[in-house]
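Undergrad: only geometry, no sequence info:
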């Protein structure tokens, strides 16, 4: 039972690592101090979420992932060929899309057999991710 829970949590953890790296890329191209601050807050939340997930995996006597895994490496590799935009609205929209994808993955995890404590943690993180989308939506509206 714990192995499947640990595997699910590690998949979720890798997603948070991917988000952290994505925000690193975004922040390289943001000069607007307000937008930059919001992106830094969201990235800090993803770092906090990663720590919470790692702590939960350790409590289940599992080994937490320490990177985004193969899919994360593939995404990073693909970004090396993608021409990065410096258009602020596009950066915000890209971040918003990433958050939506993270939420979708989180909801898929809720369909699996997580224990009560892990389920509560994923729901807590999902709620915060939905707040990220709301923040990004406001930013997008004010920068269009």
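TA: Perfect, I can see it now. Quick caveat: nothing in here was measured; it's all calculated off a predicted structure.

Undergrad: what is the least confident helix or strand in the chain?
TA: helix 69-81 (a mean of 50; mean pLDDT, DSSP states H and E).

Undergrad: and the closest residue in space to residue 128 that isn't next to it in sequence, how close does it get to residue 130?
TA: Take residue 128 and drop its neighbours on the chain: the residue closest to it by CB to CB, 6 or more residues apart in numbering is residue 45, 5.7 Å away. Heads up, the C-betas are built off the backbone N, CA and C, glycines and all. Going from residue 45 to residue 130 by CB to CB, to the nearest Å gives 12 Å.

Undergrad: same deal with residue 96?
TA: In terms of CB to CB, residue 96 sits 12 Å off from residue 130.

Undergrad: quick check: buried residues in stretch 121-133?
TA: Buried residues in stretch 121-133, counted by 16 or more other CB atoms under 10 Å: 121, 122, 125, 126, 129, 132, 133.

Undergrad: tell me the SS of residue 65?
TA: Each residue gets one of three states, and residue 65 gets coil by DSSP: H, G, I helix; E, B strand; the rest coil.

Undergrad: what pLDDT does it get?
TA: As predicted, residue 65 sits at a pLDDT of 93.

Undergrad: related to what we said a few turns ago, from the buried residues of stretch 121-133, which land in helices?
TA: Among those, the ones falling in helices (DSSP state H) are 121, 122, 125, 126, 129, 132, 133.

Undergrad: name the nearest residue to the last one, ignoring sequence neighbours.
TA: Of all residues beyond its chain neighbours, the one nearest residue 133 is residue 99 (4.9 Å), with distances taken as CB to CB, 6+ apart.

Undergrad: who's in contact with that neighbour?
TA: By CB atoms under 8 Å, 6 or more residues apart in numbering, residue 99 lies in contact with 19, 42, 129, 132, 133, 136.
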